[in-house]
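>>> could you work out the structure for the sequence below:
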Amino acid sequence: MEQIREALRDGLREEAAPIARRLAEVKGLSNNVIHRLEKLEHTIDAERDARVDDLALLVDLLTEGWRGLNARLDRIEAALEPAKTNVVKLRESA
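Next comes the predicted model:
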């Protein structure tokens, strides 16, 4: 009976060894994939943050441009104030 047990153990070891190697290989590959996905996630996060910064800068530039335009229109309107005969304010006409 002991010989049968030994033979079964040996047989199982011989059959299980390749499976264990394959399993270790799959585990290594999955760890590699996880590492690459984490790296990709960090890259995407950095790109998104850069685009948000670009958008914030663009909004600031547009806002300052419109403020400058409003100031210029105020100066033009103030300069034309004495000759108010046929001047229509641009902001009121829109």
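
>>> number of residues surrounding Glu77?
14 (other Cβ atoms under 10 Å). No exception for glycine: its C-beta is placed from N, CA and C like everyone else's.

>>> hmm, I typed the wrong one, I wanted Val52.
Neighbours of Val52 using other Cβ under 10 Å come to 10.

>>> with Ala78 instead?
With other Cβ under 10 Å as criterion, Ala78 counts 9.

>>> now name the helix or strand holding it.
helix 2-80 (DSSP states H and E).

>>> elements contacting that helix?
Helices and strands touching helix 2-80, by 3 or more Cβ pairs under 8 Å, 6 or more residues apart in numbering; DSSP states H and E: there are none.

>>> separation between the residue most central in space within the chain and Leu57?
What sits nearest the mean C-alpha location of the chain, by Cα atoms, centre = their mean, is Arg48, with 2.9 Å. In this view, Arg48 and Leu57 are 15 Å apart by Cβ to Cβ, to the nearest Å.

>>> mean confidence for stretch 38-56?
Across stretch 38-56, the average pLDDT comes to 97.

>>> go on, stretch 75-83?
80.

>>> what's the burial count for Leu73?
Count around Leu73 with other Cβ under 10 Å applied: 13.

>>> same thing with Leu69?
Counted with other Cβ under 10 Å, Leu69 comes out at 10.

>>> which pLDDT value goes with it?
For Leu69, pLDDT reads 95.
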